[in-house]
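Asks: Predicted structure and sequence below. I'll ask about it afterward.
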Amino acid sequence: MSRTKGGSDKCSCRLVKEVNQLKTVVNAQSKVLAKLVRQMKDGCKKKDEEEDGCTFCGLNPCIKCLNPDVLYHLGHNTDTTDFPKVFGDVKFVCMGGTPGRMEAFAYYIMQEIGLKLNPATKLADMAEAGKRYGMFKVGPVLCASHGMGCPSISILLHELIKTMYHAKCKDPVFIRMGTCGGLGVEPGTVVITTEAVSGKLEPVHEIVVHGNSVLHPSQLDEGLANEIKSCHDPRTDKFDVVIGRTMCAHDFYEGQSRLDGAFCEYTPDAKMAFLEQLQAQGVKNIEMESLAFAALTSRANIRSAVVCVAILNRLEGDQITTPHEILSGFDKRPATLIARYIRKVLYPVEEDSDLASEAESEDGDGGAGDSKPPPPPPEEEAE
Ligand SMILES: O=P(O)(O)O[C@H]1O[C@H](CO)[C@@H](O)[C@H]1O
Ligand SMILES: O=c1cc[nH]c(=O)[nH]1
């Protein structure tokens, strides 16, 4: 009996050992299997990306299935516009409030990057059919007006991001060039945003989806902000450039603590206390689109920057009394820096010293438009 018991003990011991060995083998095999599946998926993802072409992340997977995709506010759709042909070369998407500013920028950048237009023609407004925004294309630079406020820029960004997606664009950079109210800075100073904050001073853009609040971070690309700042030449430019946080308001008057709106239910002291609180938190300016701009571009992993000129110092007042000629000179300042940045990217061999020779001349009649076009202008026509 005892022999039998000893035998069965031995047997179960061997069984346990064998089961354990088997477990080790199965575990090892499932690790190998998981690795192979991962490699297989990564391979397919890479292939998809190569096929899709566009480098954006996190986009709606259903875009592919929209046939056609109608970009209603831009007046284009994938049935009638050949996106890769029309927009496939876009590397810079520049945006600003008004169609006039963006058309002027389009002509300016044309000169700056050495493109030419047949003198008998003019740049077409590519969003004319949508009757909402203005859009002009000059080689790799797409210039679009976004209107006022986050809802307006947000609609445009959805449609521009889809435009870039359908066109299979590779890593286009998005830049908003605007005006703002400065905080403790001289009127005419250019402010480049590090981070957009809401009226509650939170670095998030809130959207309401299905009745629920959804928050998206509103960071901007620090490297890009510094690259654009480095295009400033303090020796010759007649303006300062600072980097800081931007408060994005959903209104020009009460939302920005002005005392001159149709309604005002706070005291001048409360206004000053709020503006000083903003300043203490590193806020350098106030405008109305940076939050949606930062949030939507960063959701798609797009490098983006906000470059605005202060048209007044809010610590000194609310009303904009600066004459229009001076304001339009101010408008050219963000444009000058952005054009230099674009030139640097397109013509990296250009010497930094070239920047000094074409610094903004506000005494002249053409302001930033006086700049010399870069050497070897490509023999290409603007669209
Ligand atoms: O000068 P732009 O870029 O239009 O932007 C600023 O000016 C408008 C208010 O006057 C707001 O849209 C604000 O963000
Ligand atoms: O004070 C200002 C000036 C321009 N744009 C704004 O939103 N606020």
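Replies: The structure has been received and is ready for your questions. Ligands and ions are numbered 1, 2, ... in the order given.

Asks: drop to CA atoms for contacts and neighbour counts, all remaining ones
Replies: OK.

Asks: pLDDT on stretch 100-107, on average?
Replies: Averaged across stretch 100-107, pLDDT comes to 98.

Asks: Kindly export it (C-alpha atoms) in CSV.
Replies: Output of stretch 100-107 as CSV, limited to C-alpha atoms (Å, rounded to 0.1, in the frame of the first residue of the first chain):
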residue,chain,number,x,y,z
GLY,A,100,-8.7,91.7,-46.2
ARG,A,101,-5.8,91.0,-43.9
MET,A,102,-5.4,87.5,-45.2
GLU,A,103,-5.5,88.7,-48.9
ALA,A,104,-2.9,91.4,-48.1
PHE,A,105,-0.8,88.7,-46.4
ALA,A,106,-1.1,86.4,-49.4
TYR,A,107,0.2,89.1,-51.7
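
Asks: Contacts only, for the residue in the stretch 201-350 of the chain that ligand 2 sits nearest to.
Replies: Nearest residue of the stretch 201-350 of the chain to ligand 2: residue 287, at 3.5 Å (C-alpha to the nearest ligand atom). By C-alpha atoms under 8 Å, 6 or more residues apart in numbering, the residues touching residue 287 are 179-181, 246-249, 252.

Asks: beta partners for it?
Replies: Per DSSP bridges, the residues bridged to residue 287 are residue 248.

Asks: Check what pLDDT it gets.
Replies: pLDDT for residue 287: 98.

Asks: related to what we said a few turns ago, just name the closest of the contacts of residue 287 to residue 291, please.
Replies: The shortest approach to residue 291 among the contacts of residue 287 belongs to residue 248, at 5.9 Å (C-alpha to C-alpha).

Asks: May I have the predicted confidence score for the closest one?
Replies: Reported pLDDT for residue 248: 98.

Asks: My read is that it contacts residue 196, right?
Replies: Yes: proximity of residue 248 to residue 196 meets the contact threshold set by C-alpha atoms under 8 Å, at 6.4 Å.

Asks: In terms of neighbours, single out the busier of those two.
Replies: Just comparing residue 248 and residue 196: by other C-alpha atoms under 10 Å the higher neighbour count belongs to residue 196, 32 against 28.

Asks: what about the more buried one, is that helix, strand or coil?
Replies: Recorded secondary structure, residue 196: strand (DSSP: H, G, I helix; E, B strand; the rest coil).

Asks: ok, it - contacts?
Replies: By C-alpha under 8 Å, 6+ apart, the contact set of residue 196 is 203-204, 218-220, 245-248, 290-291, 294.

Asks: hey, what's it bridged with?
Replies: With DSSP bridges as the rule, residue 196 is bridged to residue 246.

Asks: what residues are up against the residue nearest the centre of the chain?
Replies: Geometric centre of the chain, nearest residue: residue 304, 3.2 Å, by C-alpha atoms, centre = their mean. Going by C-alpha under 8 Å, 6+ apart, residue 304 touches 173-175, 220-221, 224, 294, 297-298.

Asks: Just among those residues, which is most surrounded?
Replies: Of all the contacts of residue 304, the highest neighbour tally under other C-alpha under 10 Å goes to residue 294, namely 32 neighbours.

Asks: any idea how far that residue is from residue 164?
Replies: Separation of residue 294 from residue 164 (C-alpha to C-alpha, to the nearest Å) stands at 17 Å.

Asks: wait, does the helix or strand harbouring residue 106 make contact with ligand 1?
Replies: Element membership of residue 106, judged by DSSP states H and E, is helix 99-112. No: judged by C-alpha under 6 Å from any ligand atom, helix 99-112 makes no contact with ligand 1; its nearest approach is 8.8 Å.

Asks: what does the stretch 1-150 of the chain have sitting close to ligand 1?
Replies: So the stretch 1-150 of the chain meets ligand 1 at 96-98, 148-149 (C-alpha under 6 Å from any ligand atom).
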